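J.: Structure here, sequence nowhere to be found:
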(Lines give C-alpha, C1' and ligand atoms only; values in the text may rest on other atoms or scores of the structure.)
Protein backbone atom coordinates (compact mmCIF):
# COMPACT_ATOMS: atom_id res chain seq x y z
CA UNK A 1 0.00 0.00 0.00
CA UNK A 2 1.19 3.54 -0.62
CA UNK A 3 0.30 6.63 1.31
CA UNK A 4 -2.53 8.64 -0.18
CA UNK A 5 -2.69 11.32 2.47
CA UNK A 6 -3.34 14.87 1.37
CA UNK A 7 -1.20 16.09 4.24
CA UNK A 8 0.05 15.27 7.72
CA UNK A 9 -2.00 14.33 10.75
CA UNK A 10 -1.52 16.35 13.94
CA UNK A 11 -2.50 14.75 17.25
CA UNK A 12 -2.65 17.22 20.16
CA UNK A 13 -3.43 16.43 23.76
CA UNK A 14 -2.49 16.92 27.37
CA UNK A 15 -0.29 14.82 29.62
CA UNK A 16 -1.49 11.19 29.78
CA UNK A 17 -4.37 12.02 27.48
CA UNK A 18 -3.83 8.93 25.35
CA UNK A 19 -2.51 10.96 22.41
CA UNK A 20 0.43 8.64 21.64
CA UNK A 21 -1.77 5.55 21.82
CA UNK A 22 -4.28 7.18 19.47
CA UNK A 23 -1.51 8.16 17.03
CA UNK A 24 -0.01 4.68 17.16
CA UNK A 25 -3.39 3.20 16.27
CA UNK A 26 -3.57 5.45 13.19
CA UNK A 27 -0.16 4.11 12.18
CA UNK A 28 -0.67 0.40 12.85
CA UNK A 29 -3.91 0.35 10.85
CA UNK A 30 -2.35 2.11 7.86
CA UNK A 31 -0.75 -0.95 6.30
CA UNK A 32 2.40 1.09 5.62
CA UNK A 33 5.98 0.53 6.82
CA UNK A 34 6.06 1.91 10.34
CA UNK A 35 8.75 4.39 11.35
CA UNK A 36 9.00 6.12 14.69
CA UNK A 37 10.98 9.31 15.22
CA UNK A 38 11.64 9.89 18.92
CA UNK A 39 12.58 13.51 19.65
CA UNK A 40 13.06 12.95 23.38
CA UNK A 41 16.43 12.75 25.07
CA UNK A 42 16.70 10.28 27.90
CA UNK A 43 18.44 12.75 30.23
CA UNK A 44 17.12 11.24 33.45
CA UNK A 45 15.56 8.09 34.81
CA UNK A 46 12.01 9.43 34.60
CA UNK A 47 12.43 10.20 30.90
CA UNK A 48 14.17 6.85 30.26
CA UNK A 49 11.22 5.05 31.84
CA UNK A 50 8.72 6.90 29.64
CA UNK A 51 10.69 6.15 26.49
CA UNK A 52 11.03 2.46 27.40
CA UNK A 53 7.31 2.22 28.17
CA UNK A 54 6.43 3.67 24.75
CA UNK A 55 8.89 1.35 22.98
CA UNK A 56 7.44 -1.75 24.65
CA UNK A 57 3.93 -0.67 23.74
CA UNK A 58 4.84 -0.24 20.07
CA UNK A 59 6.42 -3.66 19.67
CA UNK A 60 9.09 -4.89 17.24
CA UNK A 61 7.43 -3.99 13.91
CA UNK A 62 8.53 -0.39 14.11
CA UNK A 63 11.79 1.10 12.94
CA UNK A 64 12.90 3.64 15.54
CA UNK A 65 14.98 6.76 14.92
CA UNK A 66 16.23 9.13 17.60
CA UNK A 67 16.36 12.71 16.42
CA UNK A 68 16.39 15.44 19.05
CA UNK A 69 17.24 18.38 16.73
CA UNK A 70 17.45 17.93 12.94
CA UNK A 71 13.87 16.86 12.46
CA UNK A 72 13.36 18.19 8.93
CA UNK A 73 16.58 16.63 7.65
CA UNK A 74 15.78 13.29 9.30
CA UNK A 75 12.26 13.16 7.88
CA UNK A 76 13.57 13.93 4.39
CA UNK A 77 16.13 11.14 4.75
CA UNK A 78 13.57 8.46 5.58
CA UNK A 79 10.69 9.79 3.45
CA UNK A 80 9.10 7.24 1.11
CA UNK A 81 5.60 6.65 -0.24
CA UNK A 82 5.21 3.22 1.35
CA UNK A 83 5.93 4.53 4.85
CA UNK A 84 4.12 6.12 7.72
CA UNK A 85 6.28 8.15 10.11
CA UNK A 86 5.15 8.91 13.64
CA UNK A 87 6.94 11.89 15.22
CA UNK A 88 6.61 11.85 19.02
CA UNK A 89 6.68 14.59 20.02
CA UNK A 90 6.92 18.16 18.77
CA UNK A 91 7.09 19.71 22.25
CA UNK A 92 10.23 17.75 23.11
CA UNK A 93 11.76 18.94 19.83
CA UNK A 94 10.92 22.54 20.84
CA UNK A 95 12.57 21.93 24.22
CA UNK A 96 15.73 20.59 22.59
CA UNK A 97 15.94 23.49 20.13
CA UNK A 98 15.62 25.98 23.00
CA UNK A 99 18.33 24.21 25.01
CA UNK A 100 20.69 24.50 22.03
CA UNK A 101 19.80 28.17 21.49
CA UNK A 102 18.61 27.49 17.96
CA UNK A 103 16.63 29.99 15.89
CA UNK A 104 13.26 28.35 16.40
CA UNK A 105 11.20 30.19 13.76
CA UNK A 106 13.85 29.24 11.19
CA UNK A 107 13.85 25.60 12.29
CA UNK A 108 10.04 25.51 12.19
CA UNK A 109 10.14 27.01 8.70
CA UNK A 110 12.50 24.28 7.43
CA UNK A 111 10.07 21.61 8.59
CA UNK A 112 6.82 23.29 7.60
CA UNK A 113 7.83 24.31 4.09
CA UNK A 114 8.83 20.73 3.31
CA UNK A 115 5.55 19.17 4.50
CA UNK A 116 3.60 19.55 1.22
CA UNK A 117 6.30 17.54 -0.62
CA UNK A 118 6.44 14.65 1.85
CA UNK A 119 5.69 11.30 0.24
CA UNK A 120 5.27 9.38 3.51
CA UNK A 121 2.22 9.69 5.68
CA UNK A 122 3.29 11.86 8.65
CA UNK A 123 1.67 11.70 12.06
CA UNK A 124 2.82 14.36 14.52
CA UNK A 125 2.11 14.06 18.24
CA UNK A 126 2.38 17.09 20.50
CA UNK A 127 1.45 18.33 23.94
CA UNK A 128 -1.03 21.15 24.25
CA UNK A 129 0.64 23.21 27.00
CA UNK A 130 -1.05 26.61 26.75
CA UNK A 131 -4.21 26.08 28.79
CA UNK A 132 -2.92 26.66 32.31
CA UNK A 133 -1.95 29.76 34.25
CA UNK A 134 0.77 31.95 32.67
CA UNK A 135 4.04 30.45 33.96
CA UNK A 136 6.16 32.65 36.19
CA UNK A 137 9.46 31.97 34.49
CA UNK A 138 10.30 33.49 31.16
CA UNK A 139 11.68 30.34 29.56
CA UNK A 140 8.43 28.46 30.24
CA UNK A 141 6.46 31.34 28.70
CA UNK A 142 8.73 31.31 25.64
CA UNK A 143 8.36 27.55 25.40
CA UNK A 144 4.59 27.65 25.31
CA UNK A 145 4.67 30.49 22.79
CA UNK A 146 6.97 28.50 20.51
CA UNK A 147 4.90 25.35 20.91
CA UNK A 148 1.67 27.23 20.20
CA UNK A 149 3.10 28.83 17.06
CA UNK A 150 4.44 25.50 15.80
CA UNK A 151 1.05 23.84 16.35
CA UNK A 152 -0.64 26.55 14.30
CA UNK A 153 1.91 26.17 11.48
CA UNK A 154 1.61 22.37 11.35
CA UNK A 155 -2.18 22.42 11.71
CA UNK A 156 -2.44 24.76 8.73
CA UNK A 157 -0.63 22.22 6.51
CA UNK A 158 -2.36 19.18 8.02
CA UNK A 159 -5.12 17.12 6.48
CA UNK A 160 -6.40 16.06 9.90
CA UNK A 161 -6.04 17.52 13.39
CA UNK A 162 -7.23 15.78 16.55
CA UNK A 163 -7.49 17.00 20.12
CA UNK A 164 -7.34 14.08 22.58
CA UNK A 165 -8.72 14.04 26.12
CA UNK A 166 -9.31 10.97 28.29
CA UNK A 167 -8.23 8.83 25.35
CA UNK A 168 -11.01 10.19 23.15
CA UNK A 169 -10.46 12.17 19.94
CA UNK A 170 -12.15 15.41 18.98
CA UNK A 171 -11.64 16.02 15.28
CA UNK A 172 -10.74 19.66 14.77
CA UNK A 173 -9.90 19.46 11.06
CA UNK A 174 -10.41 17.03 8.19
CA UNK B 1 -37.82 5.34 37.71
CA UNK B 2 -34.89 3.00 37.44
CA UNK B 3 -31.54 3.70 35.86
CA UNK B 4 -31.22 2.50 32.28
CA UNK B 5 -27.72 3.74 31.62
CA UNK B 6 -25.40 1.53 29.64
CA UNK B 7 -22.50 2.87 31.68
CA UNK B 8 -21.23 5.83 33.68
CA UNK B 9 -21.05 9.44 32.63
CA UNK B 10 -17.70 11.25 32.89
CA UNK B 11 -17.70 15.05 33.09
CA UNK B 12 -14.26 16.61 32.57
CA UNK B 13 -13.39 20.27 32.74
CA UNK B 14 -11.03 22.90 34.03
CA UNK B 15 -11.23 24.99 37.18
CA UNK B 16 -14.51 26.93 37.38
CA UNK B 17 -15.57 25.53 34.04
CA UNK B 18 -19.08 24.77 35.25
CA UNK B 19 -18.46 21.01 35.27
CA UNK B 20 -20.11 20.38 38.66
CA UNK B 21 -23.16 22.45 37.73
CA UNK B 22 -23.47 20.54 34.46
CA UNK B 23 -23.16 17.20 36.25
CA UNK B 24 -25.71 18.24 38.87
CA UNK B 25 -28.17 19.10 36.13
CA UNK B 26 -27.77 15.61 34.67
CA UNK B 27 -28.59 14.24 38.10
CA UNK B 28 -31.54 16.45 39.03
CA UNK B 29 -33.28 15.76 35.71
CA UNK B 30 -32.86 11.98 36.07
CA UNK B 31 -35.82 11.40 38.35
CA UNK B 32 -33.70 9.02 40.43
CA UNK B 33 -32.79 9.18 44.12
CA UNK B 34 -29.90 11.63 44.31
CA UNK B 35 -26.69 10.69 46.09
CA UNK B 36 -23.56 12.78 46.29
CA UNK B 37 -20.14 11.35 47.09
CA UNK B 38 -17.74 14.10 48.12
CA UNK B 39 -14.11 12.99 47.85
CA UNK B 40 -12.67 16.29 49.08
CA UNK B 41 -11.28 16.78 52.57
CA UNK B 42 -11.97 20.13 54.15
CA UNK B 43 -8.38 20.60 55.33
CA UNK B 44 -8.40 24.40 55.15
CA UNK B 45 -10.78 27.34 55.03
CA UNK B 46 -10.58 27.69 51.27
CA UNK B 47 -11.60 24.07 50.76
CA UNK B 48 -14.34 24.31 53.41
CA UNK B 49 -15.79 27.31 51.58
CA UNK B 50 -15.84 25.44 48.27
CA UNK B 51 -17.53 22.42 49.81
CA UNK B 52 -20.14 24.59 51.55
CA UNK B 53 -20.83 26.48 48.33
CA UNK B 54 -21.44 23.23 46.45
CA UNK B 55 -23.69 21.90 49.21
CA UNK B 56 -25.85 25.02 49.23
CA UNK B 57 -26.21 24.88 45.46
CA UNK B 58 -27.37 21.27 45.53
CA UNK B 59 -30.11 21.80 48.12
CA UNK B 60 -31.66 19.39 50.61
CA UNK B 61 -32.88 16.67 48.21
CA UNK B 62 -29.47 15.03 48.01
CA UNK B 63 -28.01 12.45 50.31
CA UNK B 64 -24.36 13.34 50.89
CA UNK B 65 -21.53 10.89 51.62
CA UNK B 66 -17.95 11.87 52.39
CA UNK B 67 -15.45 9.38 51.06
CA UNK B 68 -11.86 10.52 50.58
CA UNK B 69 -10.29 7.09 49.98
CA UNK B 70 -12.43 3.94 49.69
CA UNK B 71 -14.38 5.06 46.67
CA UNK B 72 -15.06 1.64 45.15
CA UNK B 73 -16.26 0.18 48.46
CA UNK B 74 -18.48 3.18 49.15
CA UNK B 75 -20.08 3.09 45.72
CA UNK B 76 -20.80 -0.63 46.07
CA UNK B 77 -22.40 0.02 49.46
CA UNK B 78 -24.87 2.60 48.17
CA UNK B 79 -25.42 1.11 44.70
CA UNK B 80 -29.08 0.58 43.71
CA UNK B 81 -31.03 0.75 40.46
CA UNK B 82 -33.27 3.61 41.58
CA UNK B 83 -30.34 5.88 42.37
CA UNK B 84 -28.02 8.28 40.63
CA UNK B 85 -24.67 8.86 42.30
CA UNK B 86 -22.60 11.93 41.59
CA UNK B 87 -18.91 11.54 42.46
CA UNK B 88 -17.20 14.94 42.82
CA UNK B 89 -14.39 14.68 42.08
CA UNK B 90 -11.89 12.10 40.87
CA UNK B 91 -8.89 14.44 41.05
CA UNK B 92 -9.41 14.99 44.79
CA UNK B 93 -9.61 11.22 45.23
CA UNK B 94 -6.27 10.90 43.38
CA UNK B 95 -4.79 13.57 45.68
CA UNK B 96 -5.97 11.73 48.77
CA UNK B 97 -4.63 8.37 47.56
CA UNK B 98 -1.24 9.94 46.88
CA UNK B 99 -1.13 11.56 50.33
CA UNK B 100 -1.78 8.16 51.90
CA UNK B 101 0.87 6.49 49.73
CA UNK B 102 -1.65 4.07 48.27
CA UNK B 103 -1.00 1.89 45.24
CA UNK B 104 -2.91 4.02 42.78
CA UNK B 105 -3.09 1.63 39.81
CA UNK B 106 -4.51 -1.04 42.17
CA UNK B 107 -7.07 1.40 43.61
CA UNK B 108 -8.09 2.50 40.11
CA UNK B 109 -8.46 -1.13 39.10
CA UNK B 110 -10.83 -1.87 42.01
CA UNK B 111 -13.09 0.96 40.87
CA UNK B 112 -12.91 0.42 37.13
CA UNK B 113 -13.49 -3.34 37.12
CA UNK B 114 -16.67 -2.85 39.16
CA UNK B 115 -18.18 -0.20 36.86
CA UNK B 116 -19.87 -2.59 34.40
CA UNK B 117 -21.83 -4.19 37.28
CA UNK B 118 -23.07 -0.94 38.82
CA UNK B 119 -26.86 -0.74 39.04
CA UNK B 120 -27.01 2.98 39.85
CA UNK B 121 -26.41 5.67 37.28
CA UNK B 122 -22.92 7.00 38.02
CA UNK B 123 -21.80 10.51 37.14
CA UNK B 124 -18.09 11.20 37.68
CA UNK B 125 -16.75 14.76 37.76
CA UNK B 126 -13.04 15.40 37.32
CA UNK B 127 -10.57 18.16 36.60
CA UNK B 128 -8.61 18.06 33.40
CA UNK B 129 -5.16 19.10 34.67
CA UNK B 130 -2.80 18.03 31.89
CA UNK B 131 -3.01 20.96 29.50
CA UNK B 132 -0.54 23.37 31.07
CA UNK B 133 3.24 23.51 31.22
CA UNK B 134 4.98 20.44 32.71
CA UNK B 135 5.08 21.15 36.47
CA UNK B 136 8.51 21.56 38.03
CA UNK B 137 7.89 19.33 41.02
CA UNK B 138 7.78 15.59 40.73
CA UNK B 139 4.65 15.07 42.82
CA UNK B 140 2.64 17.39 40.59
CA UNK B 141 3.89 15.51 37.52
CA UNK B 142 2.95 12.18 39.10
CA UNK B 143 -0.44 13.60 40.03
CA UNK B 144 -1.30 14.63 36.51
CA UNK B 145 -0.05 11.28 35.18
CA UNK B 146 -2.30 9.41 37.60
CA UNK B 147 -5.26 11.67 36.85
CA UNK B 148 -4.76 11.28 33.10
CA UNK B 149 -4.58 7.50 33.36
CA UNK B 150 -7.69 7.33 35.53
CA UNK B 151 -9.62 9.51 33.07
CA UNK B 152 -8.69 7.17 30.23
CA UNK B 153 -9.76 4.12 32.23
CA UNK B 154 -13.11 5.62 33.25
CA UNK B 155 -13.77 7.07 29.79
CA UNK B 156 -13.28 3.65 28.25
CA UNK B 157 -16.07 2.20 30.43
CA UNK B 158 -18.33 5.25 30.15
CA UNK B 159 -21.45 5.59 28.06
CA UNK B 160 -21.01 9.36 27.80
CA UNK B 161 -18.02 11.67 28.22
CA UNK B 162 -18.28 15.47 28.25
CA UNK B 163 -15.61 18.14 28.19
CA UNK B 164 -16.87 21.39 29.76
CA UNK B 165 -15.54 24.88 29.10
CA UNK B 166 -17.24 28.16 29.99
CA UNK B 167 -20.22 26.15 31.23
CA UNK B 168 -20.75 24.56 27.82
CA UNK B 169 -20.48 20.83 27.10
CA UNK B 170 -18.58 19.23 24.25
CA UNK B 171 -19.71 15.63 23.90
CA UNK B 172 -16.65 13.45 23.37
CA UNK B 173 -18.40 10.08 23.60
CA UNK B 174 -21.95 8.77 23.51
CA UNK C 1 -24.26 47.32 7.23
CA UNK C 2 -25.65 47.11 10.74
CA UNK C 3 -25.03 44.44 13.29
CA UNK C 4 -27.66 41.74 13.41
CA UNK C 5 -26.09 39.59 16.10
CA UNK C 6 -28.35 38.03 18.69
CA UNK C 7 -25.58 38.35 21.24
CA UNK C 8 -21.83 38.53 21.71
CA UNK C 9 -19.23 36.12 20.43
CA UNK C 10 -16.78 34.60 22.93
CA UNK C 11 -13.46 33.25 21.64
CA UNK C 12 -11.58 31.13 24.17
CA UNK C 13 -8.20 29.55 23.71
CA UNK C 14 -4.79 28.88 25.18
CA UNK C 15 -1.56 30.81 24.81
CA UNK C 16 -0.60 31.19 21.14
CA UNK C 17 -3.64 29.23 20.09
CA UNK C 18 -4.52 31.67 17.32
CA UNK C 19 -7.55 32.99 19.22
CA UNK C 20 -6.86 36.68 18.48
CA UNK C 21 -6.25 35.99 14.80
CA UNK C 22 -9.50 34.02 14.62
CA UNK C 23 -11.42 36.82 16.38
CA UNK C 24 -9.88 39.46 14.11
CA UNK C 25 -11.03 37.50 11.08
CA UNK C 26 -14.60 37.51 12.42
CA UNK C 27 -14.32 41.27 12.73
CA UNK C 28 -12.69 42.10 9.40
CA UNK C 29 -15.27 40.07 7.47
CA UNK C 30 -18.20 41.73 9.24
CA UNK C 31 -18.33 44.87 7.10
CA UNK C 32 -18.85 46.94 10.25
CA UNK C 33 -16.72 49.78 11.66
CA UNK C 34 -13.89 48.07 13.50
CA UNK C 35 -13.09 49.00 17.07
CA UNK C 36 -10.50 47.37 19.26
CA UNK C 37 -10.52 47.58 23.04
CA UNK C 38 -7.14 46.63 24.48
CA UNK C 39 -7.36 45.71 28.15
CA UNK C 40 -3.63 45.03 28.53
CA UNK C 41 -1.25 47.41 30.24
CA UNK C 42 2.20 47.65 28.70
CA UNK C 43 4.02 47.35 32.03
CA UNK C 44 7.15 45.71 30.65
CA UNK C 45 9.01 45.18 27.41
CA UNK C 46 7.57 41.70 26.83
CA UNK C 47 4.00 43.04 27.08
CA UNK C 48 4.84 46.06 24.92
CA UNK C 49 6.18 43.73 22.24
CA UNK C 50 2.99 41.64 22.28
CA UNK C 51 0.77 44.71 22.03
CA UNK C 52 2.83 46.15 19.18
CA UNK C 53 2.74 42.82 17.34
CA UNK C 54 -1.07 42.68 17.59
CA UNK C 55 -1.41 46.31 16.45
CA UNK C 56 0.76 45.74 13.37
CA UNK C 57 -1.24 42.66 12.46
CA UNK C 58 -4.54 44.52 12.67
CA UNK C 59 -3.47 47.38 10.39
CA UNK C 60 -4.73 50.98 10.20
CA UNK C 61 -8.46 50.37 9.63
CA UNK C 62 -9.13 49.78 13.31
CA UNK C 63 -9.90 52.36 15.94
CA UNK C 64 -8.02 51.38 19.10
CA UNK C 65 -9.10 52.10 22.69
CA UNK C 66 -7.05 51.26 25.78
CA UNK C 67 -9.21 50.35 28.73
CA UNK C 68 -7.62 48.36 31.54
CA UNK C 69 -10.46 48.73 34.09
CA UNK C 70 -13.77 50.41 33.18
CA UNK C 71 -14.71 47.95 30.48
CA UNK C 72 -18.49 48.20 30.79
CA UNK C 73 -18.44 52.02 30.75
CA UNK C 74 -16.09 52.11 27.78
CA UNK C 75 -18.17 49.68 25.75
CA UNK C 76 -21.33 51.67 26.45
CA UNK C 77 -19.53 54.85 25.33
CA UNK C 78 -18.54 53.47 21.94
CA UNK C 79 -21.57 51.22 21.36
CA UNK C 80 -23.35 51.73 18.00
CA UNK C 81 -25.22 49.45 15.60
CA UNK C 82 -22.78 49.97 12.72
CA UNK C 83 -19.81 48.84 14.77
CA UNK C 84 -18.06 45.67 15.77
CA UNK C 85 -15.98 45.85 18.93
CA UNK C 86 -13.22 43.34 19.65
CA UNK C 87 -12.27 43.12 23.32
CA UNK C 88 -8.82 41.53 23.78
CA UNK C 89 -8.71 40.11 26.33
CA UNK C 90 -10.91 39.35 29.33
CA UNK C 91 -8.14 37.65 31.30
CA UNK C 92 -6.01 40.82 31.28
CA UNK C 93 -9.04 42.77 32.48
CA UNK C 94 -9.42 40.28 35.34
CA UNK C 95 -5.71 40.72 36.18
CA UNK C 96 -6.07 44.51 36.26
CA UNK C 97 -9.19 44.39 38.44
CA UNK C 98 -7.39 42.13 40.91
CA UNK C 99 -4.35 44.42 41.03
CA UNK C 100 -6.63 47.35 41.89
CA UNK C 101 -8.47 45.32 44.55
CA UNK C 102 -11.80 45.80 42.80
CA UNK C 103 -14.95 43.86 43.67
CA UNK C 104 -14.76 41.45 40.74
CA UNK C 105 -18.24 39.91 40.91
CA UNK C 106 -19.71 43.45 40.94
CA UNK C 107 -17.55 44.50 37.97
CA UNK C 108 -18.51 41.35 36.06
CA UNK C 109 -22.17 42.07 36.80
CA UNK C 110 -21.95 45.60 35.36
CA UNK C 111 -20.62 44.18 32.11
CA UNK C 112 -22.81 41.11 31.84
CA UNK C 113 -26.14 42.79 32.61
CA UNK C 114 -25.51 45.32 29.87
CA UNK C 115 -24.71 42.75 27.16
CA UNK C 116 -28.30 42.10 26.02
CA UNK C 117 -28.75 45.83 25.27
CA UNK C 118 -25.55 46.26 23.25
CA UNK C 119 -26.17 47.53 19.72
CA UNK C 120 -22.68 46.78 18.43
CA UNK C 121 -21.48 43.32 17.59
CA UNK C 122 -19.17 42.33 20.46
CA UNK C 123 -16.35 39.83 20.14
CA UNK C 124 -14.63 38.88 23.39
CA UNK C 125 -11.28 37.11 23.41
CA UNK C 126 -10.06 35.33 26.52
CA UNK C 127 -7.48 32.86 27.70
CA UNK C 128 -8.63 29.51 29.01
CA UNK C 129 -6.34 29.14 32.04
CA UNK C 130 -8.01 26.44 34.12
CA UNK C 131 -6.71 23.27 32.49
CA UNK C 132 -3.35 22.90 34.20
CA UNK C 133 -2.29 21.82 37.67
CA UNK C 134 -3.78 23.79 40.59
CA UNK C 135 -1.37 26.72 41.07
CA UNK C 136 0.51 26.83 44.35
CA UNK C 137 -0.08 30.49 45.06
CA UNK C 138 -3.43 31.76 46.21
CA UNK C 139 -3.59 34.75 43.88
CA UNK C 140 -3.15 32.51 40.83
CA UNK C 141 -5.94 30.23 42.11
CA UNK C 142 -8.22 33.22 42.67
CA UNK C 143 -7.35 34.50 39.22
CA UNK C 144 -8.37 31.30 37.47
CA UNK C 145 -11.53 31.11 39.55
CA UNK C 146 -12.49 34.64 38.55
CA UNK C 147 -11.62 34.02 34.91
CA UNK C 148 -13.61 30.79 34.87
CA UNK C 149 -16.66 32.45 36.41
CA UNK C 150 -16.51 35.36 33.97
CA UNK C 151 -16.28 32.96 31.02
CA UNK C 152 -19.39 31.15 32.20
CA UNK C 153 -21.29 34.44 32.62
CA UNK C 154 -20.30 35.76 29.18
CA UNK C 155 -20.87 32.40 27.49
CA UNK C 156 -24.40 32.27 28.87
CA UNK C 157 -25.24 35.59 27.17
CA UNK C 158 -23.32 34.83 23.99
CA UNK C 159 -24.74 33.83 20.63
CA UNK C 160 -21.57 31.99 19.68
CA UNK C 161 -18.71 30.50 21.69
CA UNK C 162 -15.53 29.09 20.15
CA UNK C 163 -12.67 27.14 21.66
CA UNK C 164 -9.47 27.59 19.63
CA UNK C 165 -6.52 25.19 19.52
CA UNK C 166 -3.71 25.18 16.94
CA UNK C 167 -5.51 27.98 15.12
CA UNK C 168 -8.61 25.83 14.62
CA UNK C 169 -12.05 26.63 16.05
CA UNK C 170 -14.33 24.23 17.88
CA UNK C 171 -17.81 25.71 18.02
CA UNK C 172 -19.19 25.19 21.52
CA UNK C 173 -22.36 27.26 21.12
CA UNK C 174 -24.36 28.82 18.28
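T.: Looks like it arrived, so ask away. Here the structure is a predicted model, which is why all the values come from computation and not from measurement. Numbers count the residues shown, from 1 in each chain, chains lettered A, B, ... in the order given.

J.: Low-confidence bits of chain A, can you list those?
T.: For chain A, the stretches flagged by pLDDT under 70 are A:1-5.

J.: Enumerate the residues of chain A near chain B.
T.: Proximity of chain A to chain B is confined to A:13-18, A:46, A:128-133, A:135, A:140, A:143-144, A:165-168, A:170 under the rule CB under 8 Å from any CB of the partner chain. In short, each C-beta sits where N, CA and C put it, glycine included.

J.: Recalculate using a threshold of 10 Å.
T.: For chain A, the residues in contact with chain B under the definition CB under 10 Å from any CB of the partner chain are A:12-19, A:21, A:46, A:50, A:91, A:95, A:127-135, A:137, A:140-141, A:143-144, A:147, A:163-170.

J.: and the gap between the nearest residue to residue A:48 once chain neighbours are set aside and residue A:11?
T.: The spatially closest residue to residue A:48, leaving aside those adjacent along the chain, is residue A:42, at 4.3 Å (CB to CB, 6 or more residues apart in numbering or on different chains). Applying CB to CB, to the nearest Å, the value for residue A:42 to residue A:11 is 22 Å.

J.: Is the residue nearest to residue A:48 part of a helix or strand, or is it coil?
T.: Assigned with DSSP: H, G, I helix; E, B strand; the rest coil, residue A:42 falls in the coil class.

J.: Check residue A:129 too.
T.: Using three-state DSSP, the secondary structure recorded for residue A:129 is coil.

J.: Now the phi/psi pair for it, please.
T.: Recorded main-chain torsions at residue A:129 are phi -120, psi 10, according to degrees, to the nearest 10.

J.: Of all the helix elements in chain A, which one is longest?
T.: Longest helix in chain A by number of residues, with DSSP state H as the criterion: helix A:138-157.

J.: in that helix, what counts as buried?
T.: A:140, A:143-157 (16 or more other CB atoms under 10 Å in any protein chain shown).

J.: how about that helix, does it reach chain C?
T.: Yes: using CB under 10 Å from any CB, helix A:138-157 reaches chain C at A:138, A:141-156.

J.: ok, now how distant is the residue of chain A positioned farthest from its centre from residue B:133?
T.: No residue in chain A has its C-alpha farther from the mean C-alpha position than residue A:136, which lies at 26.2 Å (CA atoms, centre = their mean). When distances are taken as CB to CB, residue A:136 and residue B:133 turn out to be 10 Å apart.

J.: Then residue A:32?
T.: Using CB to CB, one obtains 34 Å as the distance from residue A:32 to residue B:133.

J.: ok, the two, which is more surrounded?
T.: In this comparison of residue A:32 against residue B:133, neighbours counted by other CB atoms under 10 Å in any protein chain shown, the higher total goes to residue B:133 at 23 against 20.

J.: tell me the SS of the more buried one?
T.: Of the three states, residue B:133 takes coil according to three-state DSSP.

J.: of the buried residues of helix A:138-157, closest to chain C?
T.: Looking at the buried residues of helix A:138-157 and their distance to chain C, the nearest is residue A:148, at 2.4 Å (CB to the nearest CB).

J.: Tell me the spatial nearest neighbour of the closest one, not counting adjacent residues.
T.: Spatial nearest neighbour of residue A:148, excluding adjacent residues (CB to CB, 6+ apart): residue C:16 at 2.4 Å.

J.: Now that neighbour: which helix or strand?
T.: Per DSSP states H and E, residue C:16 falls between elements, in no helix or strand.

J.: and it, how many neighbours does it have?
T.: The local packing of residue C:16 (other CB under 10 Å) involves 20 other residues.

J.: would you list every one of the helices in chain A?
T.: Assignment of helices within chain A using DSSP H yields the ranges A:19-28, A:45-58, A:71-78, A:90-99, A:104-114, A:138-157.

J.: The last one to helix C:19-28, inter-axis angle?
T.: Read it as helix A:138-157. Using axes from the mean of the first three to the mean of the last three CA atoms, to 10 degrees, one finds that helix A:138-157 and helix C:19-28 are set 50 degrees apart in direction.

J.: Kindly report the residues of chain A close to chain C.
T.: Looking at chain C, the residues of chain A close enough under CB under 10 Å from any CB are A:10, A:12-15, A:126, A:128-136, A:138, A:141-156, A:158, A:161, A:163, A:165, A:170-173.
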